[in-house]
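Novice: Give me a 3D structure for the following:
(one chain, ligands or ions: 1)
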Amino acid sequence: MDCTQAIRARRSIRRFKPGASVPKEDVETMLEAAMMAPSACNARPWEFFVAENPEIKEKLRAAHPYASMLEDASLAIVACARPEDQTGVCEGYWPLDCGAAVENLLLQAAALGYGTCWCGCWPAMDRVEAIQAILNTQSVPAALIAVGVPDESPEARGGYDPGKVTWLT
Ligand SMILES: Cc1cc2nc3c(=O)[nH]c(=O)nc-3n(C[C@H](O)[C@H](O)[C@H](O)COP(=O)(O)O)c2cc1C
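Specialist: You can find the predicted model right below:
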């Protein structure tokens, strides 16, 4: 699947095949895609936690009010921001940088045939703090991402809305 197809095929997946596993090589391909995202001053202000262990996955699920799909997902990836990695004129861009990284990860997963669901963390500070405690980190959880083998195939949907575009002439 090429980039054009992956962007258009990706949907949030909330039903996964229980017990399916995702090879480490594929997880690393997704993480590499995330880390290839652009970032202000190339600061790459992120780090990623990967949880395949059912007990840790369950703790993450319980820490988030809208992540019940994690129960049958093969793994959870927490994309965390490291705001302290940005200084000077590049300070403060980390939410955007992390968003770009998460989207790259989702698209790479779709291209490999996996399903994902992006569950937002920051700026919901209760989720941020609960997940920081589970991960034992001061990095800022930006997204909790469920990854697995899809057990549903929601239709691709068109996204182009000319009303959101102003052509400057
Ligand atoms: C910042 C952000 C936070 C989101 N948080 C959740 C969430 O907590 N739980 C969930 O099931 N989906 C979550 N989603 C997924 C959106 O609901 C989904 O992307 C949107 O409805 C569009 O559907 P699609 O991804 O299938 O195109 C989130 C998406 C984004 C970008």
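Novice: just checking, next helix/strand downstream of the helix or strand containing residue 102?
Specialist: Secondary-structure assignment from DSSP states H and E places residue 102 in helix 94-111. Going down the chain from helix 94-111, the next helix or strand is strand 115-120, by DSSP H and E.
Novice: who does that next one touch, helix- and strand-wise?
Specialist: Applying 3 or more CB pairs under 8 Å, 6 or more residues apart in numbering; DSSP states H and E, one finds that strand 115-120 contacts helix 94-111, strand 140-148. The C-beta positions use only the backbone N, C-alpha and C, and glycine is treated the same way.
Novice: Report the mean confidence score over it.
Specialist: The average pLDDT within strand 115-120 is 98.
Novice: coming back round to it: let me know the average pLDDT across the helix holding residue 102.
Specialist: 98.
Novice: Could you check how far residue 81 is from the ligand?
Specialist: Distance check for residue 81 against the ligand: by CB to the nearest ligand atom, to the nearest Å, it reads 13 Å.
Novice: actually residue 29, not the one I typed
Specialist: 21 Å.
Novice: what's the angle between whatever helix or strand residue 55 lives in and strand 140-148?
Specialist: Assigned by DSSP H and E, residue 55 belongs to helix 54-62. Here the directions of helix 54-62 and strand 140-148 differ by 120 degrees (axes from the mean of the first three to the mean of the last three CA atoms, to 10 degrees).
Novice: Give me the residues contacting helix 54-62.
Specialist: Helix 54-62 has contacts (CB atoms under 8 Å, 6 or more residues apart in numbering) with 51, 67, 68, 70, 71, 73, 75, 76, 78, 131, 134, 144.
Novice: Isn't the second one up against residue 118?
Specialist: Pointing back at residue 67 there. No - checked against CB atoms under 8 Å, the pair residue 67 and residue 118 is beyond contact range at 10.0 Å.
Novice: give me every residue that touches the closest residue to the ligand within the chain.
Specialist: Closest approach between the chain and the ligand, counting by CB to the nearest ligand atom: residue 120, at 2.9 Å. Applying CB under 8 Å, 6+ apart, we find residue 120 in contact with 127, 143.
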